[in-house]
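# Build me a model:
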Amino acid sequence: MFFLSEMPASPKHVGALQIFELPPRAPKDYLKKLVARMKSQPPVPPFSYWPLFPRTGMPQWQVDENLDMDYHVRHSALPDPGDTRQLLDTVERLHGGMLDRQRPCWFCQVIEGLHGNRFAVYTKIHHACIDGMSGVRRMYAALSASPTSTVFTAPWAFEEKTAPPRAEPDIATRVAATGRTALAQARAVAELSGTLARMSLQWMKVEYSFHQVPFDAPRSLMNRPLTRDARAVGICTLPLDRVKAAGRRLGGKVNDVVLTVVDAALHEYLRHSGAPSDAALVALCPMSLREDGDHAANTQVSALHVRLGDPQADMRTRLGQVIDSSAKSKQQAREMSRDALLDFAVLMFGAYELLERTGLQERIPASYNVLVSNVPGPTGSRMYLLGSRLIASYPISTFLPGTNLNVTVLSHGNSIDFGVLADRLAMPDVARLTESIVQRFAELERAFAKPRASRARAGSNALRSKPAARR
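Numbers count the residues shown, from 1 in each chain. As a prediction, this is how the structure comes out:
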């Protein structure tokens, strides 16, 4: 799907930006040796595959017998002073442009010279090769909980543990399995037909459903068509324990707080840009359909449409609205089978793609305004790459048809790192958006602190008034 929907203005690769602090007394050739060690590790599937596009039929994976590790693993340096803005300028250039389809669709670049005795590792891979969960597992397989560990397995050399091969089934077993698959698909089609019928009634305002439906979102800056591969990247970090605590105040989770602060920050950005929205925005939230124990390096996702908060809502009210809307969307998903959810995703993404390629998307309501994805990472407090401490992991994702804004978050230890990807032509000042995310979270925390502070002030005033009453 991702190869077929890819266009020069909208490549379908994903990336990750990791920032590390060099170990104390690291030798001058530390990074040179790190890069050499990376290059020495031969890739395993899917990192050893390149896509063959036959004249008819679907793309097919082929093993690259002459893989050039000097092409896939690179080393560069920032000029002085090596600040964050220079790093993001570099990442924006690296993240733009389609990957070479004549080679395995990935590369990794070590970037030295970052201020504060730090360096960065940027990795880019086609979304057809891997999904977020699988990518995170491989990315963190290269790290260790020990600062003195010398063990290192590059993400492209990491082999997932798989179940031992089973004996070849007999003909009767294969026929039965084919029958079960056909029956499951028939049930999924029936489920999907019922879901689409209910959605149609809601679109026509004949019936009100409790969940958000596609193509019922306000059009905004985030829905302008992509006309050129011009990217803007922003990053920020929030403390995970405080995000969890804020969500618990109203019975919500990390995802609810993330959606709330992104929603509030977007409304502020739109007002500042002179294009405010007078209706609630809608987020598309990917959900993994990967079953427990499934470590295949492929993409298995569907998505939920979640209506966000009212434009003028305060932070406390906004969080409550998001929690309620998210719960209703999840309930809808729970009522559908895994096969039906996969079919729904294919159908919706196909519709988005058709509308985008024909230019019809601007003539109808938007399906959603922003893609917001949460990829859970490891819970360990500190992780190291050959002695270098991991400071942050920022996911830099891709666009799906219908929006030019992607916000992906990745949690690790006590941090939740935000990677924001936007179309530079529509939203050039992404730094303002990431700054607003941090500010809106602080505002949310203050909203919960106010009642306690008010009670304390009331008690203090009462104590101060007593002597005056006695006089």
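# in the protein, which spans are strands?
Counting by DSSP state E, the chain has strands at residues 13-21, 49-52, 60-63, 73-77, 106-114, 118-126, 231-239, 282-288, 301-307, 370-376, 384-385, 388-396, 405-412, 415-423.
# pLDDT (mean, whole number) over the fifth one?
This means strand 106-114. On average, the pLDDT along strand 106-114 is 98.
# and that strand, which strands flank it?
strand 73-77 (parallel), strand 118-126 (antiparallel) (DSSP bridges).
# Quick check: which of those is nearest to Y49?
Closest to Y49 of those is strand 118-126 (Cβ to Cβ; 10.0 Å). For every residue, glycine as well, the C-beta is placed using N, CA and C.
# gap between the closest one and the chain center?
16 Å (Cα atoms, centre = their mean, to the nearest Å).
# which residues touch that strand?
Applying Cβ atoms under 8 Å, 6 or more residues apart in numbering, the external contacts of strand 118-126 come out as 2-3, 12-22, 31, 47, 87, 90-91, 94-95, 99, 105-114, 135, 139, 155, 385, 388, 391, 396.
# rerun that using 7 Å as the cut-off
Applying Cβ atoms under 7 Å, 6 or more residues apart in numbering, the set of residues contacting strand 118-126 from outside is 2, 12-22, 31, 87, 91, 94-95, 99, 105-112, 114, 135, 155, 391.
# got it, and stretch 385-395?
So stretch 385-395 is contacted by 16-23, 34, 118, 142-143, 147-148, 150, 152, 235, 237, 375, 377, 382-384, 408, 410, 412, 415, 417, 419 (Cβ under 7 Å, 6+ apart).
# Filter these down to the buried ones, ChimeraX style.
The ChimeraX command for the buried members of the contacts of stretch 385-395 (criterion: 16 or more other Cβ atoms under 10 Å) is given here:
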select :16,17,18,19,20,21,22,23,34,118,142,143,152,235,237,375,377,383,384,408,410,412,415,417,419
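# And the helices in this protein, which stretches?
In the chain, the helices defined using DSSP state H lie at 30-39, 69-72, 84-95, 132-141, 171-203, 240-248, 254-272, 315-334, 338-358, 430-470.
# Least reliable of those by average pLDDT, please.
Lowest mean pLDDT of these: helix 171-203, a mean of 51.
# could you list every residue that touches the spatially most central residue of the chain?
Nearest to the geometric centre of the chain sits T408, at 2.9 Å (Cα atoms, centre = their mean). By Cβ under 7 Å, 6+ apart, the contact set of T408 is S373, V375, P395, S397, G419.
# redo that, cut-off 10 Å
Contact analysis of T408 by Cβ atoms under 10 Å, 6 or more residues apart in numbering lists 14-16, 132, 258, 286, 371-375, 394-398, 417-421.
# mind giving me the domain split of the chain?
Segmentation of the chain into domains, based on automatic domain parsing, reads 13-52+60-157, 184-377+396-454.
# measure the first one end to end?
Domain 13-52+60-157 has an end-to-end distance of 19 Å (criterion: Cα to Cα, to the nearest Å).
# go on, stretch 245-253?
Start-to-end span of stretch 245-253 (Cα to Cα) is 9 Å.
# start at 44 instead
Got it, first residue is 44 now, which makes that one stretch 288-296.
# Could you check how far that stretch is from the centre of its chain?
The chain centre lies 21 Å from the centre of stretch 288-296; the measure is Cα atoms, centre = their mean.
# Which residues does that stretch contact?
For stretch 288-296, contacts defined as Cβ under 10 Å, 6+ apart pick out 281-282, 286-287, 297-304, 358-360, 362-363, 365-367, 369-370, 417, 484, 487-488, 490-491.
# P190 against F63, yeah?
No - with contact defined as Cβ atoms under 10 Å, P190 does not reach F63; the gap is 11.5 Å.
# so what sits against both of the two?
Common contact partners of P190 and F63 (Cβ under 10 Å, 6+ apart): M426, Y427, L429, G430, S431, R432.
# For F195, see how far away the second one is.
In this case it means Y427. In this structure, Y427 and F195 are 10 Å apart, going by Cβ to Cβ, to the nearest Å.
# Identify the contacts common to the two.
Counting by Cβ under 10 Å, 6+ apart, the residues touching both Y427 and F195 are L186, S187.
# Kindly reformat the domains of the chain as CSV containing distance to M50.
As requested, the domains of the chain are exported to CSV (distance: least, Cβ to Cβ, whole Å):
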stretch, distance to M50
domain 56-95+103-200, 9
domain 227-420+439-497, 8
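# coming back round to it: deepest-packed of the strands paired with strand 149-157, please.
For the strands paired with strand 149-157, the largest average neighbour count (mean count of other Cβ atoms under 10 Å) is found in strand 161-169, namely a mean of 23.
# Strand 431-439 and that one, what's the angle between them?
On the basis of axes from the mean of the first three to the mean of the last three Cα atoms, to 10 degrees, strand 161-169 is oriented at 40 degrees to strand 431-439.
# Strand 161-169 to helix 73-82, inter-axis angle?
Going by the same axes, to 10 degrees, strand 161-169 is angled at 20 degrees with respect to helix 73-82.
# Just list the residues touching P268, thanks.
P268 touches 52-53, 398-399, 402, 404-405, 444-445, 447, 466, 468-469, counting by Cβ under 10 Å, 6+ apart.
# likewise A185?
By Cβ under 10 Å, 6+ apart, the contact set of A185 is 61, 81, 84, 164, 194-201, 426, 428-429.
# Give me the buried subset of those residues.
61, 81, 84, 164, 195, 197-201, 426, 428-429.
# quick one: P86 from D174, how far?
In terms of Cβ to Cβ, P86 sits 18 Å off from D174.
# should've said P190
P190 sits at a distance of 31 Å from D174 (criterion: Cβ to Cβ).
# for stretch 409-418, how far is the first residue from the last?
25 Å.
# what number of residues lie near G317?
Residues lying near G317 (other Cβ atoms under 10 Å) number 7.
# contacting residues around it?
Contacts of G317 by Cβ under 10 Å, 6+ apart are L264.
# Phi, psi for it please.
Phi and psi for G317, reported as degrees, to the nearest 10, are phi 80, psi 20.
# How much space separates it from W93?
G317 is 46 Å from W93, by Cβ to Cβ.
# Buried residues in stretch 127-146, which are they?
For stretch 127-146, by 16+ other Cβ under 10 Å, it's Q129, L130, L131, T133, V134, E135, L137, H138, M141, L142, R146.
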